[in-house]
Structure formats: C-alpha cells, structure tokens
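S.K.: below: sequence and its predicted model.
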Amino acid sequence: MLRLVLPLNGVPDSIAAAQAPRPLYGAAATRRLEQKFAAALPPHTLMDRAGTAVARLARAWQPHARRIHVLAGGGNNGGDGLLAAARLRQAGFGERIEVRWLGQEERLPADARWALAQARAAGVAFVEEAPQDAPDLVIDALLGAGLHRPLEGEMLAALRWLQTCPSPTLCVDLPSGLDADLGHWWADAPVQPAGPRITLALLTLKPGLFTGAGRAAAGEAIWCDDLDVDVCAALPDAWLVGPDGWPHRDRLRADHASHKGRRGDVLIIGGVPAAAHHGIGMTGAALLAGRAALRAGAGRVWVAVPAPPSSTPAFDPAQPALMWRTVEAALAEGLPQRATVVAGCGAGSALVPVLGALMQQTPRLVLDADALNALGAAAVPGSNSPWLAALRDRAARGWITVLTPHPLEAARLLDAQVADVQRARLQAAEQLAQRTEAIVVLKGSGTVVTMPGALPRIVASGSGWLATAGSGDVLAGLLGARLAAWTPVEDMSALLDAVAATAALHGTLPAASSSPIWAPTAADLAP
Ligand SMILES: NC(=O)C1=CN([C@@H]2O[C@H](COP(=O)(O)OP(=O)(O)OC[C@H]3O[C@@H](n4cnc5c(N)ncnc54)[C@H](OP(=O)(O)O)[C@@H]3O)[C@@H](O)[C@H]2O)[C@@H](O)CC1
Ligand SMILES: Nc1ncnc2c1ncn2[C@@H]1O[C@H](COP(=O)(O)OP(=O)(O)O)[C@@H](O)[C@H]1O
C-alpha cells in the first residue's frame, strides 16, 4: 500500500501523524526482509510491485508529463526504474518513455535482468547520453540501498546531472548517492536539488531519508510503498516519531483539581546580561526558554541569572509570570532540588562555577548550549573527565539528564569534527548517550533522540524554519516543562518517547506561527 509519510515543510499532516511512530530499517535489515519475502512469493513479485508503484506515483504526481527520462543503474534499483518505464509505456503514458541505463548485462541481478527484458519488450527507448534539455519528468533509479562506495567516473557525472537537472524528479527508494543508513552523501553534493523532487521508499523506510542530508535530498515529500508485505514484525534500526506522543495540553485541561505546584516547576539558569559578562549579553536566550516552559504548561518558572543582583532583570513584560532570581538566590532557596533545571541558555562561562552543584542537587536536568560547552571544554580525549563521572553518578542514582547538543556541541563532547557527527548522526548520538549515560537530543535536520540501550528516534517534524537564533532555547524550555510534568511511574522508554515527542512538537511550531510573508523568529515560537 502506498502512503504519504512526510509532506512539504516537514510538518506531518494528520495522515502521517496518525501513522507515527514508524519503523525505519537500514540497508542490511531491508535486504534480509527482501530475501525473506521474495522467497515466499513467486519470482520477481517484489520488483513487479516496486516498479508498478513507481509508475503509479509518477503518473499521479506529473499527470501531464510527455517526455519521461529514466536514469537506471546496474542493480535492482535500476531494475525498479526499468520496470517503471515498462509499466508507463504499457499504460500509454506520455509521448516518449526513454531509459538511460548504466548497467552491464552480464552483471545484472536476476530481478533487474527480468525488468530489463520487460522494458525491452514494452518498446521503451534506450538512450546513451544524458538529455541536453529538461525532460518533463525524471525517474532517478541510479542507486538505492546497495550503494556502498564513493561515486566516480560515469556514475558521478550521472549524479551531477541528476542534481542539477531542473526537471521534476521522482527518486526511487532513495535519492541516488545518499547513504540509506546514515543520510550522508557518497559524493560532494549540493544540499538542495535544483528541481522539484519527491522520493518513493520501497518495502521499508530507511533512516538515511530522515536525518543528515536525507531530508533535503528527498525533496518535497517522502512516500512509502510496503509492496503489500508486512515488514513491521521485524525489529527496526530506529523509529520515526511525530508529536502525537505529546499529551500535555489534554492532560492539563482534564486535570480539574490541579494547582500550579502540580503542573511542574522549571528553573532556567542562563541569560547573563552584558554588564556582567564582558559586554556580551544573552538575556534573550533564558527569556525564550522560560517563556517556552510557561507556554508548555509548567506551573511555575524561574529564571536564575548567573550575575550580580544589580544586573538581574526583574521582569519580562511579555510573560510577567516569569520569576527572576540570581543563581545564588535560587541555590539558597533550594530551587534546584525541587524544580527541573534547564541550564545553559545564554549562561556564558558564568555557569561553570555552579555546574557541579547543579549536577549533584537536581534530579531532573536539561543541559543546553553553554552547559554543554563547559562539559565539552573539559572533555579530554581518552580520559575520565570529572563531568563524565558526575553524569554517570547521576544515572546511577536514577536521576534524569537530557543533553541537547547541536552538531558542533556534540563534536566538542565527542572530541570529533562536525563533519564526523553529521556523517553519522545516529552513531554520534548513540556514542554520546553511551559515554554520558544520558538522554541525548542531537539537534539539526532530523533530530536524533536516544539513550543507552534504546533504539534511536528520529524526529519527523522540523525544517529550515527552525534554523534561527534562539530556537534551541525554546526547545530547552519545552523539554524542561515536559520533564517537570513527568511522573516516575512511566518507565525510561516512555520518558525517551516523551522527549522525542517534545522535540517533534518543537518542529511543528514554525508552521503554527508562520505567515505568508515573514519567517518565524524564535520569539514567535514561544511568544
Ligand atoms: N530485489 C527486489 O525484489 C527489490 C529491490 N528493490 C530495489 O533494489 C534496491 C537495492 O538493489 P541492490 O541491492 O541491487 O542495490 P542498488 O542500489 O541497485 O546498487 C547496487 C548496484 O550499484 C553498484 N554500485 C554500488 N555503489 C556504487 C558506486 N558508488 N558506484 C558505482 N556503482 C555502484 C553495484 O555495483 P558493484 O558494487 O557490485 O560493482 C550494483 O551494481 C533498492 O534500493 C530498491 O530500489 C526494492 O524495490 C524491493 C524489491
Ligand atoms: N534545517 C533544520 N531542520 C530541522 N531542524 C532544524 C534545522 N536547523 C535547525 N533546526 C532546529 O533548530 C534548533 C536550533 O537549535 P540551536 O542550534 O541550539 O540554536 P540556538 O542556540 O540559536 O537556540 C534545534 O532544535 C534544531 O534541531
């Protein structure tokens, strides 16, 4: 059955959200499933279904296309393209169906060999050269889940053509050149395809479509056809999650007997003013986190500023309910022991002296931005930094720590380069979670949420709209409110789901506040 998984702008619509969470299978798991189902079905059934699904979606997406160009490789991905060409031609679609096939007949797998015969029998035209002009529709069936080495020569030239061709392009299973498991390119590639694009995943959804370069590469919409087999019984490699695990509003509304103390207390630590921090003020970061925590339903929110009392703001006109403190006053009051603490949003280096105390005092802790920078600065390769010991000590006590690094912060914590993190985001998040024994939210296109021993979650929502200063502070505040409302009767896996759902909710905020003219700013996400 064909299903829409993600439409344009990354906000799952009701169809997609209703289907989340969705299992994601990498190349090896997909191959195992393919072999299992192929063995139980008549020969070529899966490829027949795959090619037919491609042809059907091509017609539905570009019903008026007259010239259709199929770029097909030498494996089964190419086979899907060849069969789609055959089906389109048999259906009398368009005026010309042409295939540029870059395979070698003697090396073809059996299914693709059969598909080649089908295309020839259907009278599809075979061409040797890439078109000089732009066809009405391109079907990208060059490389799929079998890609395993960098592209070069003729294949690289074909990929370049695909990426710069302005024609509407339907990518079969995966955009060619994209790694199915990790979402990185096997060649230097522009982030944005030149023309409109959609991707039809076959049999399984692959993790690489949803994180790293995957989302930008896959285009405006990701579809999936399960080829009418039930893959869901197999253990996935990761989960794609939407915001539907976010029950917060309903819960708050339903709780008639509630009072502000029951809805969760959040203490934001950050927002150092310029006067107290070498002329570099970051009050806005803590404001955004505090407002987001209030908006997400926290009963009480304090903002503690690591600065002398004279430089502490006393009041936020947009959210006067925010209560202001200095960090010393918050510690003296014992707030870190009873509130969920979100530390780091615009805290600068002033956070370092109190970070140790926070680690030891607060059972629920979100570490963002400058808190992560403090940990990263102390991350000596191969050594047991005191911060790591403190984080592991927290885990041993059953305390909750959530780390929310963007790729640069993650790279610092792993003593790696940003490119290493981005090349393998799932692994980077898992490695960081193992090392710190914390829940890790690796932000960016396809935010990854994981913890030790759990299957990673990839957040389905989010888009380039979120790439605006302060949107990470909003996420930290939302997470603070969600942790503060968390009841320990739920197990850790439920908590991981709650964290992932919160990140997914964050991903939907730009759409909720966008206008046809203005790009949303972080303040629009948490007014
Ligand atoms: N069988 C079925 O029923 C179904 C199959 N399905 C479809 O099969 C796809 C997987 O097919 P696949 O395993 O044949 O892999 P595929 O992506 O075609 O690539 C392998 C070929 O590419 C080559 N190659 C690899 N890297 C390269 C490089 N860098 N540069 C150059 N060449 C390179 C490699 O050559 P080799 O490395 O062996 O020399 C080999 O020839 C999957 O994505 C889906 O579309 C689904 O429809 C479900 C039903
Ligand atoms: N291209 C993108 N697609 C999806 N989400 C994105 C993208 N760019 C940024 N984001 C999200 O925006 C937020 C930015 O956080 P961060 O980098 O910490 O910003 P800041 O420090 O300015 O608040 C994160 O939640 C991240 O996942």
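M.R.: Perfect, thanks for sending it. Ligands and ions are numbered 1, 2, ... in the order given.
S.K.: roughly how far apart are the closest residue to R66 other than its chain neighbours and ligand 1?
M.R.: Distances taken as CB to CB, 6 or more residues apart in numbering place E95 nearest to R66, at 4.4 Å, with adjacent residues excluded. Using the backbone N, CA and C atoms, a C-beta is placed for each residue, glycine as well. E95 sits 26 Å away from ligand 1, going by CB to the nearest ligand atom, to the nearest Å.
S.K.: next one: R107
M.R.: Distance, R107 to ligand 1, by CB to the nearest ligand atom: 6 Å.
S.K.: in contact with that residue, which residues are there?
M.R.: G74 (CB atoms under 8 Å, 6 or more residues apart in numbering).
S.K.: follow-up on the earlier one: the residue nearest to R66 contacts H64, doesn't it?
M.R.: No: with contact defined as CB atoms under 8 Å, E95 does not count as touching H64 (11.0 Å).
S.K.: out of those two, which sits in the busier spot?
M.R.: Neighbours were counted for E95 and for H64 using other CB atoms under 10 Å; E95 has more, 10 against 7.
S.K.: roughly how far does that one sit from R67?
M.R.: Between E95 and R67 the computed distance is 6 Å (CB to CB, to the nearest Å).
S.K.: what does the stretch 51-200 of the chain put close to ligand 1?
M.R.: Within the stretch 51-200 of the chain, the positions near ligand 1 by CB under 6 Å from any ligand atom are 73-78, 80, 109, 111, 143-151, 155, 172-173, 186.
S.K.: change it to 8 Å
M.R.: Contact residues (CB under 8 Å from any ligand atom) of the stretch 51-200 of the chain with ligand 1: 51, 73-80, 103, 107, 109, 111-112, 141, 143-152, 155-156, 172-174, 180, 186.
S.K.: which of these fall within strands?
M.R.: A141, V172 (DSSP state E).
S.K.: out of the residues of the stretch 51-200 of the chain next to ligand 1, which end up buried?
M.R.: The neighbour count (16 or more other CB atoms under 10 Å) marks 51, 73-80, 103, 109, 111-112, 141, 143-147, 151, 155, 172-174, 180, 186 as buried among those.
S.K.: check which residues of stretch 261-277 are buried.
M.R.: 263-273, 276-277.
S.K.: what about it and ligand 2, touching?
M.R.: No: judged by CB under 8 Å from any ligand atom, stretch 261-277 makes no contact with ligand 2; its nearest approach is 10.9 Å.
S.K.: any idea how far that stretch is from the chain center?
M.R.: 28 Å (CA atoms, centre = their mean, to the nearest Å).
S.K.: isn't A58 up against A84?
M.R.: Yes: A58 lies in contact with A84 (CB under 8 Å); the separation is 6.6 Å.
S.K.: who's in contact with A339?
M.R.: Contacts of A339 (CB under 8 Å, 6+ apart): D265, V266, L267, R300, W302, T362, A484.
S.K.: leaving out the residues flanking it, which one is nearest to the fourth one?
M.R.: Taking CB to CB, 6+ apart, and ignoring the residues beside it in sequence, R300 has D265 as its nearest neighbour in space, at 4.9 Å.
S.K.: mind listing the strands for the stretch 251-400 of the chain?
M.R.: Applying DSSP state E, counting those that start in this stretch to the stretch 251-400 of the chain gives strands spanning 265-269, 300-305, 323-326, 340-343, 364-367, 400-403.
S.K.: got a list of contacts for the first one?
M.R.: Defining contact as CB under 8 Å, 6+ apart, one finds that strand 265-269 is touched by 286, 289-290, 293, 298-304, 306, 327, 330, 335-336, 338-345, 347, 351, 354, 358, 476-477, 480-481, 484.
S.K.: and the contacts of A339 near ligand 1, which?
M.R.: Applying CB under 8 Å from any ligand atom to these, one finds that nothing falls near ligand 1.
S.K.: of these, which is the nearest to D228?
M.R.: Within the set of those, A484 lies nearest D228; the separation is 45.3 Å, counting by CB to CB.
S.K.: tell me how far the closest one lies from G92.
M.R.: Distance from A484 to G92, counting by CB to CB: 62 Å.
S.K.: between those two, who's got more neighbours?
M.R.: A count of neighbours by other CB under 10 Å puts A484 above the other of A484 and G92, at 26 against 8.
S.K.: dump the residue contacts of the closest residue in space to that one that isn't next to it in sequence.
M.R.: Take A484 and drop its neighbours on the chain: the residue closest to it by CB to CB, 6+ apart is G264, 2.9 Å away. G264 makes contacts with G297, A298, G299, T340, A481, L483, A484, A485, as judged by CB under 8 Å, 6+ apart.
S.K.: so how do I select the buried members of those in PyMOL?
M.R.: In PyMOL, this line selects whichever of these come out buried by 16+ other CB under 10 Å:
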select buried, resi 297+298+299+340+481+483+484+485
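S.K.: can you pull the contacts of N77?
M.R.: A141, L142, L143, G144, A145, G146, V172, D173, L174, S176.
S.K.: mind doing that once more with 7 Å?
M.R.: Listed by CB atoms under 7 Å, 6 or more residues apart in numbering, the contact partners of N77 are A141, L142, L143, G144, G146, V172, D173.
S.K.: check which helix or strand covers the nearest residue to A125 once chain neighbours are set aside.
M.R.: Using CB to CB, 6+ apart and skipping residues adjacent in sequence, the residue nearest A125 is E98, 4.4 Å away. Counting by DSSP states H and E, the element that carries E98 is strand 96-101.
S.K.: pairing partners for that strand, with directions?
M.R.: In the sheet, strand 96-101 lines up against strand 67-72 (parallel), strand 125-126 (parallel) (DSSP bridges).
S.K.: can you tell which of the ones you listed is closest to A454?
M.R.: Closest to A454 of the strands paired with strand 96-101 is strand 67-72 (CB to CB; 38.9 Å).
S.K.: bridged to V440, which residues?
M.R.: Going by DSSP bridges, V440 forms beta bridges with L403, T450.
S.K.: quick one: low-confidence ranges for the stretch 51-200 of the chain?
M.R.: Counting by pLDDT under 70, the stretch 51-200 of the chain has low-confidence residues at 191.
S.K.: run the last query once more with 90
M.R.: Along the stretch 51-200 of the chain, the model assigns pLDDT under 90 to residues 188-194.
S.K.: which residues of the stretch 351-500 of the chain fall in helices?
M.R.: Assigned by DSSP state H, counting those that start in this stretch, the stretch 351-500 of the chain shows helices spanning 352-361, 369-377, 386-396, 407-414, 418-423, 425-436, 471-484, 492-512.
S.K.: and the ones you listed as a markdown table, adding mean pLDDT?
M.R.: Shown next, in a markdown table, are the helices of the stretch 351-500 of the chain (pLDDT from 0 to 100):
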| stretch | mean pLDDT |
| --- | --- |
| helix 352-361 | 94 |
| helix 369-377 | 90 |
| helix 386-396 | 93 |
| helix 407-414 | 95 |
| helix 418-423 | 97 |
| helix 425-436 | 97 |
| helix 471-484 | 97 |
| helix 492-512 | 90 |
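S.K.: tell me which of those helices is the most buried.
M.R.: Mean neighbour count (mean count of other CB atoms under 10 Å) peaks for helix 471-484 among the helices of the stretch 351-500 of the chain, with a mean of 29.
S.K.: so does that one get close to ligand 2?
M.R.: Yes: interface with ligand 2: helix 471-484 contributes S471, G472, D473, V474, L475, A476 (CB under 8 Å from any ligand atom).
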